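Engineer: Fold the following, please.
(one chain, ligands or ions: 1)
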Amino acid sequence: MNFELSTEQQSLRRLVRDVVEKEVKPLARHTDETGEFPWGPLRTMAGLGLLGLNVPEQYDGAGADHVSAAILVEEIGRGCGSTGLIVAAHLGLACGPLNKFGAEEQKLLYLNPLARGEVIGCLGLTEPGAGSDLAGGVRTLAEKRGDAWVINGSKMWLTNGAEAKTAILLCRTDKAGGSRSLSQIIVPTDAPGITFGKPEKKMGLNGSHTYAVSLENVTVPLENVLGREGYGLHQTLEALDGGRIAIGALSVGLAQAAYEASLAYAKERTTFGKPIAEHQAIQTKIADMATTIEAARWLVYRAAWLRDQGQPFTLLAAQAKLFATEIAEKVCYDAIQIHGGYGYSREYPVERIYRDNRLMAIGEGTSEIQRMVIARLVLA
Ligand SMILES: Cc1cc2nc3c(=O)[nH]c(=O)nc-3n(C[C@H](O)[C@H](O)[C@H](O)COP(=O)(O)OP(=O)(O)OC[C@H]3O[C@@H](n4cnc5c(N)ncnc54)[C@H](O)[C@@H]3O)c2cc1C
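Structural biologist: Numbers count the residues shown, from 1 in each chain. A predicted model of the protein is given here:
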């Protein structure tokens, strides 16, 4: 592995950073406080081809590698967690599985508009009774009637749900159960019978809307099954491997933002006659932040690089997500500590970043699940 980013990856970082500094970061506080969906920056990113960054050019994407996609999400996360999660879900959970498992006609119909950024996508796995345990818990039923699937059930926590035009839903297609009883089905979100609730009220990530959705006799053609019927669980786990790299990258970006805010504050705030940056207890925190963020960043890039090489990356993706999300929690905690009382107020960005990062150790597989995956693979 090359320990330097390529020229293309470095210029991508500069391009994204420029957009983020101009359009994403200045809006982050407003997005958090109002819960408005950040369509403006998303349209700019769509215009630059960033919403299809790692989709092949033949499907209207930019054809970049997965390391580039990690850099994209990291840099957006450095400016705004909500916008970062919207893009991570769109690219990793919607474009990713469509590109990997979609038939040619499905890609032309659904992937191309997603990659052009004309519409955004989402992936619905979780249900009121199914989160970590998808295999046993998914109850949403898709039944074959004539030449259509008729879907009934409900999904929870759908990131991008009502803003998305295309959803990939994990459904039970064989009532008998077992590991081949689930399938992924592509469902347009304006199909009759789909009802989204109001965006959930959350601790953070307020601009990234999360929905419960009910499905009542939602009817889509049989050919909307994505990949192979009965292989939905397997395909979902593969999609999550990719999604976990993106969540790791998002945490690296959030941690970087908290760290940069802390550096600036530590140099400016004085106590006992000198900037707090000159107190050793503050320096220790800064040193730990700088070191753990750098380690997390390269673990994320390594997982993405393995994926680019076509090598197995499940282990590295789980390790990258686990490590990055957990060190980011500590970095954000310390960032608030460095800011003292101001860190706890909404005047400074670190309390928002702390709230935004809290999801990262839960979504796309909790830390407990990552540890199970890692232990299973290293013990095998
Ligand atoms: C803001 C937000 C956005 C989300 N976006 C999406 C989305 O776009 N699409 C989607 O499908 N889902 C989404 N989710 C759902 C998310 O992926 C789930 O919340 C997550 O997978 C955990 O599932 P759960 O909440 O049902 O927790 P549970 O599975 O009920 O777990 C509860 C606790 O038990 C632990 N646990 C469970 N099983 C074990 C075990 N075997 N051993 C040890 N500990 C265990 C868990 O780690 C956790 O600590 C989102 C959630 C949130 C909050």
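Engineer: how about the residues of the stretch 51-200 of the chain that lie near the ligand?
Structural biologist: 89, 122-126, 131-132, 157-159 (CB under 6 Å from any ligand atom). (Glycine included, C-beta is placed from N, CA and C.)
Engineer: How about the residue of the stretch 201-350 of the chain found nearest the ligand: which residues does it bridge to?
Structural biologist: In the stretch 201-350 of the chain, no residue comes nearer to the ligand than residue 210, which is 4.5 Å away by CB to the nearest ligand atom. Using DSSP bridges, the bridge partners assigned to residue 210 are residue 159.
Engineer: Could you pull out the strands in the stretch 1-150 of the chain for me?
Structural biologist: For the stretch 1-150 of the chain, the strands defined by DSSP state E, counting those that start in this stretch cover 121-124, 141-145, 148-159.
Engineer: Switch those over to JSON lines; also include mean pLDDT.
Structural biologist: Output for those, formatted as JSON lines (pLDDT from 0 to 100):
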{"stretch": "strand 121-124", "mean pLDDT": "97"}
{"stretch": "strand 141-145", "mean pLDDT": "96"}
{"stretch": "strand 148-159", "mean pLDDT": "97"}
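Engineer: I'd say the residue of the stretch 201-350 of the chain closest to the ligand and residue 199 touch.
Structural biologist: Yes. If you go by CB atoms under 8 Å, residue 210 and residue 199 touch, sitting 6.2 Å apart.
Engineer: Pick out whichever of those two has more residues nearby.
Structural biologist: Regarding residue 210 and residue 199, a neighbour count based on other CB atoms under 10 Å identifies residue 210 as having more, with 23 against 18.
Engineer: count of residues packed around residue 264?
Structural biologist: 12.
Engineer: Helix or strand: which one has it?
Structural biologist: Assigned by DSSP states H and E, residue 264 falls within helix 232-268.
Engineer: what about that helix, near the ligand?
Structural biologist: No. Using CB under 6 Å from any ligand atom, helix 232-268 never reaches the ligand; the gap is at least 8.8 Å.
Engineer: So which other helices or strands are in contact with the worst-scoring helix or strand of the chain on mean pLDDT?
Structural biologist: Least confident helix or strand, the chain: helix 134-137 with a mean of 85, by mean pLDDT, DSSP states H and E. Packed against helix 134-137 by the contact rule (3 or more CB pairs under 8 Å, 6 or more residues apart in numbering; DSSP states H and E) you find helix 232-268.
Engineer: got the angle between the helix it packs on and strand 141-145?
Structural biologist: 140 degrees (axes from the mean of the first three to the mean of the last three CA atoms, to 10 degrees).
Engineer: Now do the buried residues in helix 232-268.
Structural biologist: 232-236, 238-259, 261-262, 265-266 (16 or more other CB atoms under 10 Å).
Engineer: what mean pLDDT does it have?
Structural biologist: Mean pLDDT, helix 232-268: 97.
Engineer: I'd like the numbering to begin with 23 instead of 1 from here.
Structural biologist: Understood, numbering begins at 23; the last thing we discussed is helix 254-290.
Engineer: Skip ahead from it and say which helix or strand is next.
Structural biologist: strand 292-293.
Engineer: next SSE after that next one?
Structural biologist: strand 296-297.
Engineer: which neighbours does that next one have in its sheet, and in what orientation?
Structural biologist: By DSSP bridges, strand 296-297 pairs with strand 292-293 (antiparallel).
Engineer: Residue 89 reaches residue 324, doesn't it?
Structural biologist: No. Applying CB under 8 Å as the test, residue 89 and residue 324 come out as separate, 9.1 Å apart.
Engineer: which of these two has more neighbours?
Structural biologist: Set residue 89 next to residue 324 and count neighbours by other CB under 10 Å: residue 89 wins out with 26 against 20.
Engineer: Quick check: phi and psi at the nearest residue to residue 289 once chain neighbours are set aside.
Structural biologist: Of all residues not flanking residue 289 in the chain, residue 299 sits nearest, at 4.9 Å (CB to CB, 6 or more residues apart in numbering). Residue 299 adopts backbone torsions of phi -60, psi -20, taken as degrees, to the nearest 10.
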